[in-house]
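> next come a sequence and a model predicted from it.
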Amino acid sequence: MLKQLAVATSLVLLLLPVAVHAESFTSDKYGFSADFPVSPTVSEPKGSEIDNEGNFIATMVMFSAHEPGTTSALVTVDSYAVSKKLNIAATLKAMRNDFIRGMEAKIVSSDPGTRDGHQALFFTYDTRDHSAAGSGIVIIISRKKPRTYLVVNMHTPAASAEQIVAADAFLASFHIK
């Protein structure tokens, strides 16, 4: 009886929320907030898309947080400096596919939706060698000068349950301002 009670108690404890440490981060300039698992670093902005004349028409900046060997959280923001009409569905899929290709991964699931009123594509992935897996969201702010967001988390088999919960909480915490 005591053994059964101990097992039942253990199962209930597994269902309780895990305390998650997060570094709240807001970027007024790039229009988002998120709770990164650890303090993020911010890259220097760099040109990310070129027009027919070779001029940069968009700038990309990356916000990343890594716990070496276990988890990563990443936000890339592409901001257009010129008017551009994006094919939203095609752009969402292309951004997801570029990320998947770069990770040498496969898509596990992919569903369209919205985040904070903006069109989005939610996906999960697993690398082909199973060395990492995670989730992501691609979001497009459709306006005269559009902005796109790629928000992803990643965890390795070495990540603890708490680290995986923190990575998932990061994705859920991401909001457009």
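Okay, I see it. Numbers count the residues shown, from 1 in each chain.
> leaving out chain neighbours, which residue sits closest to residue 81?
Counting by Cβ to Cβ, 6 or more residues apart in numbering, residue 57 is the residue found nearest to residue 81 once chain neighbours are left out, at 5.8 Å. For the C-beta atoms, the positions are set from N, CA and C on the backbone; glycine is no exception.
> where does that neighbour fall, secondary structure wise?
strand 56-67 (DSSP states H and E).
> pull out the buried residues from that strand.
The neighbour-count check on strand 56-67 (16 or more other Cβ atoms under 10 Å) flags 57, 58, 59, 60, 61, 62, 63, 64, 65, 66, 67 as buried.
> now the helices: where do they sit in the protein?
2-15, 88-103, 161-173 (DSSP state H).
> against which helices or strands is the shortest one packed?
Counting contacts by 3 or more Cβ pairs under 8 Å, 6 or more residues apart in numbering; DSSP states H and E, helix 161-173 packs against strand 32-36, strand 71-80, strand 133-141, strand 147-155.
> nearest to residue 115, of those?
For residue 115, the closest of the helices and strands packed on helix 161-173 is strand 133-141, at 5.2 Å, according to Cβ to Cβ.
> which secondary structure elements does that closest one sit against?
helix 88-103, strand 105-115, strand 118-127, strand 147-155, helix 161-173.
> least confident secondary structure element in this structure?
In the chain, no helix or strand scores lower on mean pLDDT, DSSP states H and E than helix 2-15, which sits at a mean of 30.
> pLDDT weak spots in the chain?
1-21 (pLDDT under 70).
> isn't residue 139 up against residue 118?
Yes: with contact defined as Cβ atoms under 8 Å, residue 139 reaches residue 118; the gap is 5.3 Å.
> which neighbours do these two have in common?
residue 176 (Cβ atoms under 8 Å, 6 or more residues apart in numbering).
> the more surrounded of these two?
residue 139 (24 against 17; other Cβ atoms under 10 Å).
> and the more buried one, what does it touch?
Contact analysis of residue 139 by Cβ under 8 Å, 6+ apart lists 115, 116, 118, 119, 120, 148, 149, 151, 176.
> which among those residues end up buried?
Buried among those by 16+ other Cβ under 10 Å: 115, 118, 119, 120, 148, 149, 151, 176.
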